[in-house]
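Student: Next one to model:
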Amino acid sequence: MNNIKFKIAFCALIAMLPFMGLAQTSDLIDLQATVRGKQGTPLVGAIVRTESGEQVLTDSQGSFSISTRLLSNLVVEANQYTPKTVIVKPDLNTVLLKPLAEYKDVNVAFRTVEKRNLIDGVSVVDYEELMEKNYNTGSLENMEAFVNGFHGNIWGMDKYLVLIDGVPRDAGSINPTEIEQITVLKGISAVALYGSQAAKGVVQITTKRGKIQKQEIKVNINTGILVPKSYPKYLGSAEYMTLYNEARANDGLGQLYDEETIYNYGSGKNSYRFPDVNYYSSDYIKETYNRHEATAQITGGNETAQYYTNLGFSTEGSLMDFGESQNNRTQRFNIRGNVDINITKTIYATVDASAVYYNGWGVNADYWADAAILRPNRFTPLIPIDMIEPSDESSMQYVNNSSNIINGKYLLGGTQLDQSNPFAAIYAGGSNNYTSRQFQFNTGVGADLGNILEGLSFHSKFGVDYSTSYNQSYNNGYAVYQPSWTNYNGSDLISGLTQYGQDSKSGVQNISDSWYRQTISFSGQFNYETVFEQDHNLSAMLIANGYQQSISEEYHRTSNANLGLYLGYDYLDKYFVNFSGAVVHSAKLPEGNREAFSPTVSLGWRLSEEDFLKDSEIVDELKFTVSAGILHTDIDITDYFLYQSIYTQTDGAWFNWRDGALSRSTDSRRGENMDLTFAKRKEINLGVQATMFDERLQFQGSFFANKMSGGVVQASILYPNYFSTGWPNSSFIPYVNYNEDKRLGFDFNINWKQQFGEVETSFGVVGSYYKTEATKRAEMYEDAYQNRQGNALDAIWGLESDGLFSSVEEIDNSATQSFGQVAPGDIKYKDQNGDGVIDNQDEVYLAKGGWYGSPFTLGVNFTAKWKDFTFFVLGVGRFGAHAMKNSSYYWMDGEDKYSIIARDRWTPETSAIASYPRLTTTNSNNNFRSSDFWLYSTDRFDLAKVQVSYNLPKGLFAKSFVNEIGVYINGSNLLTVSSEREVLELNVGRAPQNRFFNLGVKAIF
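Tutor: The predicted model follows:
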């Protein structure tokens, strides 16, 4: 009790600390400080204003001196920067101003560009600013709602390159609090300098760096709960048995379960003898589980060295609530240090290092997968010892010898078919620990070479990453028991036990699933910038760049190497021309074809600087851009040496060479093609950027059209049929450049800012739309409607259904269905080619699958600020894609577990309203195949995030070491609006989707 009182008193004291500085003072202080902007550059001519209205300008060093009242407010303003109010303190020596949005530096390929001058198809998110109102747990969480052109992929393509500080890395390897900016390079000119592996877009993540300021410590503490959205719903034992009997009757078989048995299982009078296991009940699953996180960021530095450090720890529990699964959890610890050093006035260096330690504790069972297939009546998970007949000595002997008495009252249940089951494994099968370690290191050296040529500089970067993971487990043996029951004087008793398996604990720790990946990267570049005749700006870069990844159990390293050239010119900050080109190299291609040059060009025109718009009261900024080019890539070439022919005896045909001796034939498996070369991305994209109505409206948009030609395939249709044989198995068909894909689309980002009294509001809409088409394919279908050419790349193909057969007569009068014997209640399909047979030739195009992201993605965000309160809401829509209901939850036959969907089955009585085929105990190949019967729309709009934040007034901390304290509460993944919501929110065979509610506290010292 005394300890509790002490804790309460201590917490109260800490809470009161900020209020000790409320008293005002009239003491004057002679303040001397420096105002700095981007990259810590001193700002000349910045305005510094006191509460009394006195103001001064900063000098050529960005410094100012002023006499003002201690603890009063000081307002600092500078052209192209956001004004800032600071509290006057004796230790105030630096004021950092943030640039206005359009003047912020954007990290693109090997350089930075002010946002207003981007012309290469680039979208950017100020992630540090976003996190102030939108707490995230993942680095790319809901990013499609903030970045136009990003929809899980980029512009309809199927993969993208992730770079963290210029090095290829996993997006999940970085904590969101470490991120300063995320740049999505979409256009062909924007990605060219990164070479072949970047041909389908780049997500470039830039981490925070140190600043010239006194040391600042920022701490965030978060705690939250995860609440499952839904679970699969399965039939109970009695209803399952009833419907299983019906399925047998449909197959002409007798009943398996009699009425008395079904009654006993449905009565619930003895769940051990007549089990009715609900795998999603509170007996095994919690209602919620927790996630906790704490991060600390330390920033500071002077003109010689700046540093940034991030330490983070998170832990997350699990829904499982029995046996060893109660210890399930994952923990992640990360540490990062970024240091910038000015060695001399002309030479600088950077050193960045990061480590991520991840541990996951679990059980030796996949409970969620088993929950989707194990029928409720199969076995009882636990057998109560007190229900064993006292005279059953042999059964009691099992009890006495068992190493696994659960809660002192139960033996583990099972059957001969269920000797291994999730319950027994979780109680007695041991546990495992998944361990992952990631180490990232990069360093750079740069020099100002102005003594050689004014405007010339050099920068290099070298990175080494190492990732490894493995699994440690204790795999224990266990016995399960199947009870035999009797009834004595109206009470059920266990009259005998049958044991399967043995209890055993070796104590040996097993190491498995070892994996590693090593990445080595390097880049070196010469930069040149100059201005001549005041109006002409010229910049250039010559770049050598490459990386190599080694992955366990992969013989050949993944490599990317290129030599790049960038030339940029602008006149009067109004007309822009950029050229980016790269010589790429690929070891996947034959000698002579391993190098290619990828040229791109971008043009920009700032119309708002023309005389006819310069003084417009509507248009503040208006710029049009166009980019075009050709990129060579090997990103879709699946393996090395595909250009070589292959001869093998591994599975050749046996033949007699002489009596008593057998030899194998040497067979060809692939033909040679020494002309194999790169695929090419050819593209043109148009862009527009506009700011209007006194900067209240901001718009950015792009239109793109690209073609990926020369896709590498091994197509038999291009060669005579004698180029391949079935036996002996041989082929002389080579890989060739043939396939061609086309993508068209547009994206946009609109933001409106409006002031309502003391309330500042911002409303944003972000959208991306794309359309794909297979424009060239090596194919030969008998019917043109089956051609993949001319259809979407993510096309779903299948049969077109025509209801359910209602009678034998209807079956006899319909086309013959070739996928097995059919009966009334089975799906009827349309005969597309009129040949009287339903087979694969009747499959047609059904819909877009949205495999690369939904064709149309929409993000809507709203922010309102009033005094120290901030309200933020985010919605994400995804439209135009479809999917199949083809999991075990929908496709039930044989001895599968029945979901509640089976209640909608066809029977002679429900033939007019049934929405599900008849039940069967055989394989239902006719019904369970790709068809529009199972097709559904994945259109949805999600309320992805709601957050309310409050920062305590800074005046409360004027005399304390605390600079700022804030609290916030948010909810994620809150609501899905869709006609197929139940399907979209349901996970089958894996952990459920969750809503996440979080409470956070931040403090700056």
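Student: Quick one: residues contacting W155.
Tutor: Contacts for W155 (C-beta atoms under 8 Å, 6 or more residues apart in numbering) come out as G149, K186, G201, F704, N706, R743, G745, D747, S768, Y770. Backbone N, C-alpha and C define where each C-beta goes, glycine included.
Student: Buried among these? Need that as a selection in PyMOL.
Tutor: Here is the PyMOL selection string for the buried members of those, based on 16 or more other C-beta atoms under 10 Å:
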select buried, resi 149+186+201+704+706+743+745+747+768+770
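Student: and which of the contacts of W155 is nearest to L256?
Tutor: The shortest approach to L256 among the contacts of W155 belongs to Y770, at 52.2 Å (C-beta to C-beta).
Student: How about the secondary structure of that closest one?
Tutor: Reducing the assignment to helix, strand or coil with DSSP: H, G, I helix; E, B strand; the rest coil, the entry for Y770 is strand.
Student: how close does it sit to P855?
Tutor: For Y770, the distance to P855 equals 6 Å [C-beta to C-beta, to the nearest Å].
Student: again, but for T206
Tutor: 30 Å.
Student: Please apply the same query to L986.
Tutor: 23 Å.
Student: Check which helices and strands the lengthiest strand in the chain is in contact with.
Tutor: The single longest strand within the chain, with elements called by DSSP state E, is strand 510-532. Helices and strands touching strand 510-532, as assessed by 3 or more C-beta pairs under 8 Å, 6 or more residues apart in numbering; DSSP states H and E, comprise strand 167-168, strand 456-475, strand 536-551.
Student: In the sheet, which strands lie alongside the shortest one, parallel or antiparallel?
Tutor: On the basis of DSSP bridges, the sheet neighbours of strand 167-168 come out as strand 161-164 (antiparallel).
Student: residues in contact with the strand it pairs with?
Tutor: Around strand 161-164, the neighbours that count as contacts under C-beta under 8 Å, 6+ apart are 168-171, 173-174, 194, 197-198, 200-205, 207, 440.
Student: Please pick the buried ones from those residues.
Tutor: If you count burial by 16+ other C-beta under 10 Å, the buried members of the contacts of strand 161-164 come out as 168-169, 171, 173-174, 194, 197-198, 200-205, 207, 440.
Student: pretty sure G875 is touching D942, no?
Tutor: Yes - with contact taken as C-beta atoms under 8 Å, G875 and D942 are classed as touching, separated by 6.6 Å.
Student: Excluding sequence neighbours, find me the nearest residue to the residue nearest to the spatial centre of the chain.
Tutor: For the chain, the residue lying nearest the average C-alpha position, counting by C-alpha atoms, centre = their mean, turns out to be L140 (6.3 Å). Once flanking residues are discounted, L140 sits nearest to A171: 5.2 Å by C-beta to C-beta, 6 or more residues apart in numbering.
Student: what's the answer for A369, then?
Tutor: In space, not counting the residues next to it along the chain, A369 is nearest to G989; the distance is 4.8 Å by C-beta to C-beta, 6+ apart.
Student: Could you give the backbone dihedrals for that neighbour?
Tutor: Recorded main-chain torsions at G989 are phi 80, psi 10, according to degrees, to the nearest 10.
Student: quick one, what contacts it?
Tutor: For G989, the contacting residues are W368, A369, A371, A372, I373, S887, S888, by C-beta under 8 Å, 6+ apart.
Student: repeat that for 7 Å
Tutor: W368, A369, A372 (C-beta atoms under 7 Å, 6 or more residues apart in numbering).
Student: what's around the second one, how many residues?
Tutor: The one in question is A369. For A369, the tally of surrounding residues (other C-beta atoms under 10 Å) stands at 14.
Student: What residues sit buried inside the strand or helix carrying it?
Tutor: Secondary structure here is read from DSSP states H and E; on that basis A369 sits in helix 367-371. Using 16+ other C-beta under 10 Å as the test for burial, helix 367-371 gives Y367, W368, D370, A371.
Student: Helix or strand for the nearest residue to the last one once chain neighbours are set aside, just tell me which one.
Tutor: In this structure, A371 finds its nearest non-sequential neighbour in Y279, 3.7 Å apart by C-beta to C-beta, 6+ apart. Secondary-structure assignment from DSSP H and E places Y279 in no helical or strand segment.
Student: Distance check, Y279 against T921.
Tutor: The gap separating Y279 from T921 is 22 Å, by C-beta to C-beta.
Student: Repeat that for F746.
Tutor: According to C-beta to C-beta, F746 stands 52 Å off from T921.
Student: can you pull the contacts of F869?
Tutor: Residues in contact with F869, defined by C-beta under 7 Å, 6+ apart, are Y950.
Student: Bridge partners for it, pull those for me.
Tutor: Beta-bridge pairing for F869 (DSSP bridges): W866, Y950.
Student: Share the number of residues neighbouring A883, please.
Tutor: Other residues near A883 come to 18 when the count uses other C-beta under 10 Å.
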